[in-house]
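Chemist: Sequence plus the predicted model coming up.
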Amino acid sequence: MNIGLIAHDAKKKLMQNFCIAYKGILSHHTLYATGTTGRLVEEAANLSVHKYLAGHLGGEQQLGAQIEHNEIDMVIFLRDPLTPKSHEPDVNNVVILCDTHNIPLATNLATAELLVKGLERGDLDWRELYKN
């Protein structure tokens, strides 16, 4: 499965720790991330990540395009809801696209853990049928 990863600045360390904790599961899938998040995950968890541009430079739009083309199966987007972003419309677009295209989306650690555990159990295998 193709998994998109995004983390606001205040959540990047949390994303690194999440990927370290679930490396055994994530390593069996293809990871895509906005630039800085992808680099940090690669360094911390030693996982291979396809990196887009940095989020504020268009990385979120690149992920959005893959979602629109049904090329992403799940998104983990660790948001910082308390700090406004100058590129907030692009960020919100990812959420809207996931809802529109029926892509499982986690916006916090609790939901991310549920999705990854479900991924491990095969609960998201329906995405393979949905893509075809």
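Modeler: On my side now, so go ahead. Numbering: from 1, shown residues only.
Chemist: how close does Gln16 get to Leu26?
Modeler: 12 Å (C-beta to C-beta, to the nearest Å). Placement of C-beta: from N, CA and C, glycine included.
Chemist: Now do the closest residue to His8 other than its chain neighbours against Ile6, distance only.
Modeler: Nearest non-adjacent residue to His8, counting by C-beta to C-beta, 6 or more residues apart in numbering: Asp80, 3.9 Å away. For Asp80, the distance to Ile6 equals 11 Å [C-beta to C-beta].
Chemist: now do Gly118
Modeler: Counting by C-beta to C-beta, the gap from Gly118 to Ile6 is 19 Å.
Chemist: neighbour count winner among the two?
Modeler: Legend: neighbour count by other C-beta atoms under 10 Å for Gly118 and Ile6, higher for Ile6 (24 against 14).
Chemist: Spell out which helix or strand contains the more buried one, please.
Modeler: Using DSSP states H and E, Ile6 sits within strand 2-7.
Chemist: Check which helices and strands that strand sits against.
Modeler: Packing partners of strand 2-7 (3 or more C-beta pairs under 8 Å, 6 or more residues apart in numbering; DSSP states H and E): helix 12-21, strand 30-33, helix 35-45, helix 59-68, strand 74-78, helix 88-100.
Chemist: Next, count neighbours for Thr36.
Modeler: Thr36 has 18 nearby residues by other C-beta under 10 Å.
Chemist: give me every residue that touches the residue nearest to it when sequence neighbours are not counted.
Modeler: Nearest non-adjacent residue to Thr36, counting by C-beta to C-beta, 6+ apart: Ala54, 5.4 Å away. The contact partners of Ala54, by C-beta atoms under 8 Å, 6 or more residues apart in numbering, come to 34-36.
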